[in-house]
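# please work out how this folds:
(one chain, ligands or ions: 1)
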Amino acid sequence: EQVAYQPIDTTGLLQERRRHFAGNLRLSYAMPCTLVRGWRHYLFDDWGNTYLDAYNNVPHVGHAHPRLQAVAAHQLRMINTNTRYLHPAQIAFAHELLAKLPPPLSVCFFVNSGSEANELALRLARTFTGARDMITIDHGYHGHTTGAIDISAYKFNHPAGSGKPDWVEVVMAPDPYRGPYGADGERYAAEVDRAIERIAARGRRLAGFIAETFPSVAGQIIPPPGYLAAVYRRVRAAGGVCIADEVQTGLGRLGTHYWAFTTQDVIPDIVVLGKPLGNGHPIGAVITTAEIAQAFDNGIEFFSTFGGSTLSCAVGREVLRIIDEEGLMANAAHIGNDLLAGLRELQQRHPVIGDVRGMGLFIGVELVSNRTTRAPATTAASYIKERLRAERILIGTEGPYDNVLKIRPPLTFDRAAFTVLLERLDTVLAESFIARVVE
Ligand code: PMP
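Numbers count the residues shown, from 1 in each chain. Now for the predicted structure:
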């Protein structure tokens, strides 16, 4: 008997979604994608159409990696339980992770998301210092939970946000392209002095500084050399601890460095990991020093039901091994370099491209309507994102003005992929809509 092919009813899905989910559960694109399969840096809809994934950083080692399928299936057949019992997978994952981190970072906490990891980092900083106040970078994002939103200027400064909490100080992003101090890292860092003075003026003390090591939500910013060292010096002198949110930048994405903080010659007191660590399986991690972990071990049990589950540990460890064994960091370095060179070549011919920046496969292309005034070309960015989607290439937009094209693919990205991306981007940049945006 022949069975007729039943395509997915996308209109129905959309209607039901509107009925059963809040409207701020956003969909990407005016014409949403219904995706049913993934493979390396490719995605497929139910008609078999192929999309190039130049955006998603969660599938760090590629979508649907066979080794992860095998490890997860095996672990689910054996046991999946929690950290109240011993299992070699917990230790193996911790060893593998700590081998990538410099001393004195030596103690791991496993949780389920970046938000949870940042919540825990905040608690660690406060318990260790006995202080409450935090300094964070403008337009930063650290998660969707109550505490994480309180340290995420991107959320609390939204017109509908609850505003800056009285225990938070915001410093400007060290943005060499748009910031007032150009590439002078020391001057951006000096903002921290003023933040510390304001905290002291309120009669309070500093618990810590938290930042995405390279501000991603603020527009794929590469801070000037020396910035974090100058910030960390000030924070530590004021008694605070330094938290590096490496959710977007860690695990080899930058190509030349496994962590963004090493490019800045600093060692944080607390490192926060999420998104790529489980390649889609929910894993967050906090890694800190023995000293901070000891202060936190104050009699109150630390327990996360799913954090550090046998399955999560098996998956996380396999992700770390795949990154090494498939040479994905080196791939990010050389593919990222060539992709950046290609984007800079487009910049020569397309005046809407004000800035091309990045390291490895962490890339931003900032669009402006006028190269002299650097006026943000927000509509051009959303036009390009939508047009590339129509060409079945997925990228994002980011930054305070939403005018930065965000290119942040799985680390399997290759020459064939970026050649298509550059070709289509070149075509779209030449379209009349873009010409009308440029002054
Ligand atoms: N920190 C950063 C830098 C992030 O980009 C994100 C997620 N976009 C988070 C934290 C929060 O992670 P999650 O969504 O897993 O809670």
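# which residues does Val217 contact?
Each residue near Val217 by CB atoms under 8 Å, 6 or more residues apart in numbering is listed here: 139-141, 154, 398-399. C-betas here are computed from N, CA, C, even on glycine.
# and what of Ala189?
With contact set as CB under 8 Å, 6+ apart, Ala189 has these partners: 174, 226-228, 230-231, 234.
# what do you get for Gly358?
Contacts for Gly358 (CB under 8 Å, 6+ apart) come out as 220, 222, 336, 340, 364, 407.
# direction included, what does the strand or helix carrying it pair against?
According to DSSP states H and E, Gly358 maps onto strand 353-359. Strand 353-359 sits in its sheet next to strand 362-370 (antiparallel), going by DSSP bridges.
# starting at the chain centroid, how far to the next helix or strand after the strand it pairs with?
Toward the C-terminus, strand 362-370 is succeeded by strand 375-376 as the next helix or strand (DSSP H and E). Its chain's C-alpha centre and that of strand 375-376 lie 24 Å apart, by CA atoms, centre = their mean, to the nearest Å.
# ok, stretch 426-439 next?
29 Å.
# and Ala4, what's its pLDDT?
Looking at Ala4, its pLDDT stands at 89.
# what about it, how many neighbours?
When neighbours are defined as other CB atoms under 10 Å, Ala4 has 5 of them.
# same thing with Phe110?
Residue neighbour count, defined by other CB under 10 Å, stands at 27 for Phe110.
# please apply the same query to Arg19.
Counted with other CB under 10 Å, residues neighbouring Arg19 total 7.
# now Gly342
A count of nearby residues for Gly342, using other CB under 10 Å, gives 18.
# can you classify it by secondary structure?
Classification of Gly342 by DSSP: H, G, I helix; E, B strand; the rest coil places it in helix.
# now tabulate the contacts of Val217 in a markdown table and tack on secondary structure and pLDDT.
As requested, the contacts of Val217 are exported to a markdown table (DSSP: H, G, I helix; E, B strand; the rest coil; pLDDT from 0 to 100):
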| residue | secondary structure | pLDDT |
| --- | --- | --- |
| His139 | coil | 98 |
| Gly140 | coil | 98 |
| Tyr141 | coil | 98 |
| Tyr154 | helix | 97 |
| Glu398 | strand | 97 |
| Gly399 | coil | 98 |
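# near the ligand, list only the ones from these.
Subset of the contacts of Val217 in contact with the ligand: Tyr141, counting by CB under 6 Å from any ligand atom.
# put the buried members of the contacts of Val217 into a PyMOL selection.
With 16 or more other CB atoms under 10 Å as the criterion, this PyMOL line picks the buried residues out of the contacts of Val217:
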select buried, resi 139+140+141+154+398+399
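# just the contacts of Val217 now: which is nearest the ligand?
The closest of the contacts of Val217 to the ligand turns out to be Tyr141 (CB to the nearest ligand atom; 5.3 Å).
# which strand or helix spans the residue in the stretch 201-350 of the chain positioned nearest to the ligand?
Residue of the stretch 201-350 of the chain nearest the ligand, by CB to the nearest ligand atom: Val247 (3.7 Å). Using DSSP H and E, no element contains Val247; it sits outside every helix and strand.
# filter the contacts of Ala189 down to the buried ones, ChimeraX style.
Buried residues among the contacts of Ala189 (16+ other CB under 10 Å), as a ChimeraX selection:
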select :174,226,227,228,230,231,234
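# how about the contacts of Ala189 in CSV, adding secondary structure?
Listed next are the contacts of Ala189 as CSV, based on three-state DSSP:
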residue, secondary structure
Pro174, coil
Gly226, coil
Tyr227, helix
Leu228, helix
Ala230, helix
Val231, helix
Arg234, helix
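# max pairwise distance over the contacts of Ala189: which two?
Within the contacts of Ala189, two members stand farthest from each other by CB to CB: Pro174 and Arg234, at 13.5 Å.
# what about the strands in the stretch 1-150 of the chain?
35-39, 42-45, 50-53, 105-111, 133-137 (DSSP state E, counting those that start in this stretch).
# name the residues of the protein found near the ligand, please.
Residues of the chain lying close to the ligand by CB under 6 Å from any ligand atom are 113-115, 118, 141-144, 212, 216, 245, 247-248, 274-275.
# tell me the buried residues within those.
So, by 16+ other CB under 10 Å, the buried ones in the residues of the chain next to the ligand are 113-115, 118, 141-143, 212, 216, 245, 247-248, 274-275.
# just flag the most distant two among those residues.
Distances among these were taken as CB to CB; the most separated pair is Ser113 and Ser216, at 16.4 Å.
# any idea how many residues pack against the closest residue to Pro215 other than its chain neighbours?
Spatially, and ignoring its direct neighbours in sequence, Pro215 is nearest to Ile221 (4.4 Å; CB to CB, 6 or more residues apart in numbering). For Ile221, the count of nearby residues is 26 (other CB under 10 Å).
# let me see the contact set for Ile221.
By CB under 8 Å, 6+ apart, the neighbours of Ile221 are 173-177, 214-215, 357, 364.
# understood, closing this out.
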